[in-house]
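Engineer: Here's my sequence, what's the structure:
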Amino acid sequence: MIENQDVEFKKIWKDEWLEWICGFANTTGGFLYIGVDDNGKVVGLGNAAQSLLDKLPGKIKDSLGILTEVKLEKENDLEYIAIKIDKYPIPISYHGKFYLRSGRSNHEATSSEYDRLLLERFGKTWDAMQVPNVTVEDLDSNAIERFKKLAVENKRLSPDEVKIDNKGLLENLKLYEDGYLTTSAILLFHNDPEKWIPGAYTRIAFFGKDDADLRYQDEVHGSLMFQAEEIVRILYTKYLKAYVSFNGMQRVDEYIIPETAAREIIYNFLQHKAYNVAIPTQIKVYEDYLYFWNPGEIPNEVKDILFKSHPSMPRNLKVSQTFFRAGFVEYWGSGIKRITDACKEYGSPFPEIINEAGGVAVKCRASESYLKAMRGENNSTAQTSPKLRPNFAQTINESVENGIIELIKENSKITQVEMAKMLGVSRDKIKRNIKKMKDDNKIDRIGNRNSGYWKVL
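Structural biologist: Prediction:
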């Protein structure tokens, strides 16, 4: 035998091991062996064996309020104690504190871990909690319409299934039950979920030489339906440099990490985040490195097999189911494989995924070809500033006119000043192009300058 999630060895008995027994009872259950060293070798208890056999059942019952099976075992004439602890249906405390087993370690539960433990023991999950005093009419209708469009486009729902009122749709998605919206409905479709769920937003920041050299940052707020796409858009249009090279006549844009992989990381962060922890998702961008961090942890059952086939274990089931129907994610725990497949095809190193600082961290390093381009060792040219939109900046084979059209498609209320900034050209150049495009009936301005919007004809 070896120590693992379900097995712990101790050479001698100490009352502090009651914390370990508490941890077993609150997680998976397991066995605590007394008189066995860390390598699983029986060292025996000598004359203390019989005494422990007599007193431990009562001590455990009096201290924790649980019943355990305590047996005297023998190997090579050496006696040791085996304590079998069952997983209990209610949270168990020791001296007013709740402990949890995590791999081979034991720790006191944080407030968020206790909340989740309490909900799970009573057959509830955090994302299914009902929220009073919020109605379907309070939700963002644009977010719901976006979901319907994506669900039909990705063939996850039929056109007939989305041709119902919003209340009916939410009921079918199990987001509206017994006359109440769930926390998942608030997260997914309310334009300000932070009124009920603090920390339900994402921070993005660009750093220079070190973490003290913060250059600029953004915060993405709103429904998860909005955040999911907006985070990716901002990351690839403002924060990441593209090194541009040409393979014959074909233009090649190379980033630190392929967009497919980044999108998968972001969508999985949003669906697996521990939202009962009031800390936002964080994305740190460096010249040659990306760092994603999210509150929560990788489940013990899969943390050692992340890069192998493993079951899907969503933290927020209702959010995950809605993301699946929107086409953001798949079932079956295949997200990491899609990330690694995209990186392999792109030539990027596989991301490192670990539990860190009370959350899940994903560290993405640039490929060798990207680093060479950054050092000027090939014929690539970089976009001069991460603040420029890599897809629309004024580069070979791309025109300001096409850039204006793409910007209008994304934001019909964009100003000429914003266009100039995003495209890296002067305001006068934008004005000249817009005049020509209006004369050519390519675009039009609807309404006045302050409250109107652009329309692509």
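Engineer: Next, give phi and psi for Arg263.
Structural biologist: Dihedral angles of Arg263 (phi, psi; degrees, to the nearest 10) stand at phi -60, psi -40.
Engineer: got the contact list for Thr28?
Structural biologist: For Thr28, the contact set (Cβ atoms under 8 Å, 6 or more residues apart in numbering) comprises Gln5, Asp6, Lys87, Arg101. Every C-beta, even on glycine, is put in place using the N, C-alpha and C of the backbone.
Engineer: how about these in a markdown table, adding pLDDT?
Structural biologist: Listed next are the contacts of Thr28 as a markdown table, based on pLDDT from 0 to 100:
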| residue | pLDDT |
| --- | --- |
| Gln5 | 89 |
| Asp6 | 93 |
| Lys87 | 92 |
| Arg101 | 92 |
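Engineer: Which element is encountered next along the chain beyond the worst-scoring helix or strand of the chain on mean pLDDT?
Structural biologist: Counting by mean pLDDT, DSSP states H and E, the chain has its least confident helix or strand at strand 381-382, which shows a mean of 58. Along the chain past strand 381-382, the next helix or strand (assigned with DSSP states H and E) turns out to be helix 400-410.
Engineer: That following helix: which residues count as buried?
Structural biologist: For helix 400-410, a neighbour-count test (16 or more other Cβ atoms under 10 Å) marks Val400, Gly403, Ile404, Ile405, Glu406, Leu407, Ile408 as buried.
Engineer: go on, stretch 428-444?
Structural biologist: Those would be Ile430, Asn433, Ile434, Met437, Lys442, Ile443, for stretch 428-444 by 16+ other Cβ under 10 Å.
Engineer: Quickly check these for the two that are furthest apart.
Structural biologist: Pairwise distances across these peak at 14.1 Å for Ile430 and Lys442 (criterion: Cβ to Cβ).
Engineer: in the chain, which segments are predicted with low confidence?
Structural biologist: 112, 245-252, 378-399 (pLDDT under 70).
Engineer: quick revisit: what about the buried residues of stretch 428-444, which are in strands?
Structural biologist: The members of those that map onto strands under DSSP state E are Ile443.
Engineer: Ile186: which of the buried residues of stretch 428-444 is nearest?
Structural biologist: Using Cβ to Cβ, the buried residues of stretch 428-444 come closest to Ile186 at Ile443, 37.5 Å.
Engineer: isn't the closest one right up against Lys435?
Structural biologist: No - between Ile443 and Lys435 there is no contact under Cβ atoms under 8 Å: 10.3 Å.
Engineer: tell me the domain ranges of the protein?
Structural biologist: 7-121, 127-189, 202-314+322-382, 400-456 (automatic domain parsing).
Engineer: could you dump the ones you listed to CSV with distance to Lys195?
Structural biologist: Listed next are these as CSV, based on distance: least, Cβ to Cβ, whole Å:
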stretch, distance to Lys195
domain 7-121, 19
domain 127-189, 8
domain 202-314+322-382, 11
domain 400-456, 25
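Engineer: Select, out of the ones you listed, the one closest to Trp196.
Structural biologist: Proximity to Trp196, assessed across the domains of the chain by Cβ to Cβ, is greatest for domain 127-189 (5.5 Å).
Engineer: now the closest one, how far from the centre of its chain.
Structural biologist: How far domain 127-189 lies from its chain's middle: 21 Å, per Cα atoms, centre = their mean, to the nearest Å.
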